[in-house]
Each structure stands twice: as C-alpha cells, then as structure tokens.
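Need a 3D model of the following:
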Amino acid sequence: MTDRLIQILLSSFTKILIPGIKVTIPLTIISFAVSLILGLILALVEIANIKVLKQIAFIYIWIFRGTPLLVQLFIIFFGLPGLGIMIDAFPAAVLAFGLNLAAYNAEVFRSAIEAIPKGQTEAAYMVGLSYSQTYRRVVLPQAFKIAFPSLFNNLISLLKDTSLASSITVIELFTVSQQIAARTYEPFALYCEAALIYLIFSTALTWLQTRLEKRFVWTSRNKH
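Below you'll find the predicted structure:
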C-alpha cells in the first residue's frame, strides 16, 4: 500500500506541477497586474475631490470587498451568459480575481498616498510642478515603497486563491490534483501534494519579497 502511494505521488507531482507553472502562475501574474492598474485608479479617484467618481469608487470597493470571491467567479462565468455575455474560463478567472483584488489594492494605495506628508506636495506645486507631475514624480514613487509589503502580501494571497478557479473549469494545479485523486482514490495524499506545491510557490514569492524590501531600504539609505 505504501509503495503504491509513493508511486502515485511521484508520478503525479510533475502532472500537478506543470499546470501550476503553465496556468496558475500566469493566472496569478495577469490578475495581479489588472488589480494593480485598477486599484491605483480607484485610489486616485478616492483621493480626488470629484464627488460622483468618488462615490462610484466607494460602491465598487464596498461590493467587491463585501461579497465572496467564489460568488463573483460564479456570477462572471455562469451568470453573465444568461445576459448574453460569454466569457471563457481563463479570462473569466482573470476578470474575477483582478476585479476583486483591485478593491483591496485600492485601499492599500490610498493609505500609502495619504501617508506622504502634505508638505511635499505643496513644495512640488511651489516649484512649478503640475498635479500630474507631482503625483508621478513625488507622491507615487514614495507611496509605492510604502505599499509594497501589503501589495506583495496580496499577491501571495492571490496565488493561493487561484485554486478557486477549479470551480469554473480552469485546469490549474488544484483541478489536476482533483482529477488524479478521483482516479486513484488517494485524495488526502494528493491534496497534500497540491498544498506542498502551493507552499513552494508561496515560499519563493516570500523570498523574493524579502529581497526586494531589503533592496528598497538599501536604495533609500544611499539616497540620503
């Protein structure tokens, strides 16, 4: 029994890992890129004193932070076809993950921008910089460094959340582990193996985060 289980785990590791590299990682990266762009836009809208746009941003963040990600996945993939909008599984997952995480990244960006001393923006205006130049050259570079740890934590959480894409037929690493478990009747071992692969990916990202944070600190010290 033990030999059979070891053989199953050894033969399935690569079968699970490959979809992880080919599907889970691209899904994570593309979704996170979408969430960064949209999250930054939402944060800037929140900070700007344009009442209508600010209210729209507030409602967006309220909805996507207040409803389960799995429900959002189902609405986009299974619900939208009822309105005549057909989206394939992978783009639907990207859309759901990107829209959901954007609500959280928006709050990260907003708090980071508000942490920048107002004296710096006032000084930028005094030397002749426009509103867009002030944000592009003074505010956002500093805000990004403040937001970086929280954003990277969101990225790691997103990597793990991509397992939910299996519920809308995306063939990622957890889907493959389910398929193999159904054939071999070894769900515990195979789900643990899938968890190990997620752990490896998350550990690699955590290592990268630590290295980049140290680099930011080193760069900041050298500038001063």
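
show me where this structure has helices.
Along the chain, counting by DSSP state H, helices occupy 2-19, 25-47, 51-66, 69-74, 89-114, 118-126, 131-134, 140-161, 173-184, 187-223.

What residues of the fifth one count as buried?
Neighbour-count burial for helix 89-114 flags 89-90, 92-110, 112-113 (criterion: 16 or more other CB atoms under 10 Å). Just so you know, the C-beta spots here come from the backbone N, C-alpha and C atoms, and that holds for glycine as well.

what do you get for the second one?
The neighbour-count criterion (16+ other CB under 10 Å) identifies 25, 27-28, 30-32, 34-36, 38-40, 42-47 as the buried residues of helix 25-47.

before we move on, what about the first one?
Using 16+ other CB under 10 Å as the burial criterion, the residues of helix 2-19 that qualify are 8-9, 12, 16-17, 19.

which residues touch it?
171-173, 175-177, 180, 184, 186, 189-190, 193-194, 197 (CB atoms under 8 Å, 6 or more residues apart in numbering).

Just the mean pLDDT for that helix, thanks.
Per-residue pLDDT over helix 2-19 has a mean of 86.

do the same with the longest one
Helix 187-223 carries an average pLDDT of 86.

now the angle between helix 140-161 and it, please.
170 degrees (axes from the mean of the first three to the mean of the last three CA atoms, to 10 degrees).

Ok, the second one next?
Counting by the same axes, to 10 degrees, helix 25-47 lies at 140 degrees to helix 140-161.

returning to that earlier point: please identify which of the helices of the chain is closest to Leu80.
helix 89-114 (8.0 Å; CB to CB).

what helices or strands is that closest one leaning on?
helix 25-47, helix 51-66, helix 69-74, helix 140-161 (3 or more CB pairs under 8 Å, 6 or more residues apart in numbering; DSSP states H and E).

Would you convert the ones you listed into a markdown table that also reports mean pLDDT and distance to Arg4?
Shown next, in a markdown table, are the helices and strands packed on helix 89-114 (pLDDT from 0 to 100; distance: least, CB to CB, whole Å):
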| stretch | mean pLDDT | distance to Arg4 |
| --- | --- | --- |
| helix 25-47 | 96 | 31 |
| helix 51-66 | 95 | 45 |
| helix 69-74 | 97 | 34 |
| helix 140-161 | 95 | 30 |
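
Can you lay out those as TSV showing distance to Arg211?
Output for the helices and strands packed on helix 89-114, formatted as TSV (distance: least, CB to CB, whole Å):
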stretch	distance to Arg211
helix 25-47	18
helix 51-66	30
helix 69-74	29
helix 140-161	11
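
what about Gly84, neighbour count?
Other residues within reach of Gly84, judged by other CB atoms under 10 Å, total 6.

Contact partners for it?
By CB under 8 Å, 6+ apart, Gly84 has no neighbours at all.

how much space between it and Ala143?
Distance of Gly84 to Ala143, computed by CB to CB, to the nearest Å: 40 Å.

cool, and Tyr198?
According to CB to CB, Tyr198 stands 30 Å off from Ala143.

More neighbours: these two, which one.
For Tyr198 versus Ala143, neighbours defined as other CB under 10 Å are more numerous around Ala143 (22 against 17).

before we move on, the earlier item: I'd like the helices of the chain as JSON lines, with distance to Ser167 appended.
Shown next, in JSON lines, are these (distance: least, CB to CB, whole Å):
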{"stretch": "helix 2-19", "distance to Ser167": "15"}
{"stretch": "helix 25-47", "distance to Ser167": "13"}
{"stretch": "helix 51-66", "distance to Ser167": "18"}
{"stretch": "helix 69-74", "distance to Ser167": "6"}
{"stretch": "helix 89-114", "distance to Ser167": "10"}
{"stretch": "helix 118-126", "distance to Ser167": "45"}
{"stretch": "helix 131-134", "distance to Ser167": "42"}
{"stretch": "helix 140-161", "distance to Ser167": "11"}
{"stretch": "helix 173-184", "distance to Ser167": "9"}
{"stretch": "helix 187-223", "distance to Ser167": "15"}
